[in-house]
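Colleague: sequence first, then the predicted structure, then my questions.
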Amino acid sequence: MNIEALRSALLGVAEPDTLCLTDGFAVPSIGMAQRAIVDGDATSAAIAAASIIAKVTRDRFMRRADLRHPGWNFATHVGYSTPEHRAAIAREGVSPLHRMSFQSAAYQQLAL
């Protein structure tokens with residue numbers, strides 16, 4: 001699922017003859033030159049910048065989600081599997097935002 005999202009994003013923004021950089025793995029079927037850089041966020045300024053933008057965007061989304069889905073404290077843990085996040089899942093169950101296809105350790109620890 002994450003690779004498909006990355007593929008879709010690349011196809012939406014990459015220009016022809018662009019070299020697409022990815023953090024650690026190649027994205028299949030994009031039809032463009034690409035370079036998978038292991039630890040790319042530590043060695044490529046472009047990947048590091050994209051990583052920061054993605055984190056800030058995700059954190060903003062999670063703060064808004066906290067307003068729509070009270071009880072899970074999304075604004076505090078912003079989706080990371082913290083003890084507080086796991087406690088909220090145990091207390092509230094999963095929210096509509098939780099990805100049940102994702103093999104999270106938090107989900108495996110709980111009887112859902």
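Modeller: Here it is on my side, so go on.
Colleague: same question for the longest helix along the chain: list its buried residues.
Modeller: Longest helix in the chain, counting residues (DSSP state H): helix 45-68. Across helix 45-68, burial judged by 16 or more other CB atoms under 10 Å covers I47, A50, M62, A65, D66. Yep, even glycine has a C-beta here, placed from its N, CA and C like the rest.
Colleague: where does pLDDT dip in this structure?
Modeller: Scanning the chain for pLDDT under 70 picks out the ranges 1, 101-112.
Colleague: would you map the strands across it?
Modeller: For the chain, the strands defined by DSSP state E occupy 20-23, 34-37.
Colleague: ok, which of those comes nearest G71?
Modeller: strand 20-23 (33.0 Å; CB to CB).
Colleague: mind listing what the closest one pairs with, with the direction of each?
Modeller: strand 34-37 (parallel) (DSSP bridges).
Colleague: starting at the chain centroid, how far to the partner strand?
Modeller: 19 Å (CA atoms, centre = their mean, to the nearest Å).
Colleague: can you pull the buried residues of it?
Modeller: Q34, I37.
Colleague: circling back to that earlier point, for the longest helix of the chain, give me every contacting residue.
Modeller: With contact meaning CB atoms under 8 Å, 6 or more residues apart in numbering, helix 45-68 is reached by 21-23, 37, 40-42, 72-76, 78-79, 97.
Colleague: try it again at 6 Å.
Modeller: L21, D23, G40, D41, F74, A75, V78, G79, L97 (CB atoms under 6 Å, 6 or more residues apart in numbering).
Colleague: which one of the buried residues of helix 45-68 is nearest E4?
Modeller: A50 (17.5 Å).
Colleague: and the gap between that closest one and H85?
Modeller: A50 is 25 Å from H85, where distance means CB to CB, to the nearest Å.
Colleague: how about F74?
Modeller: For F74, the distance to H85 equals 9 Å [CB to CB].
Colleague: ok, those two, which is more surrounded?
Modeller: More crowded of F74 and H85, by other CB atoms under 10 Å: F74, with 23 against 20.
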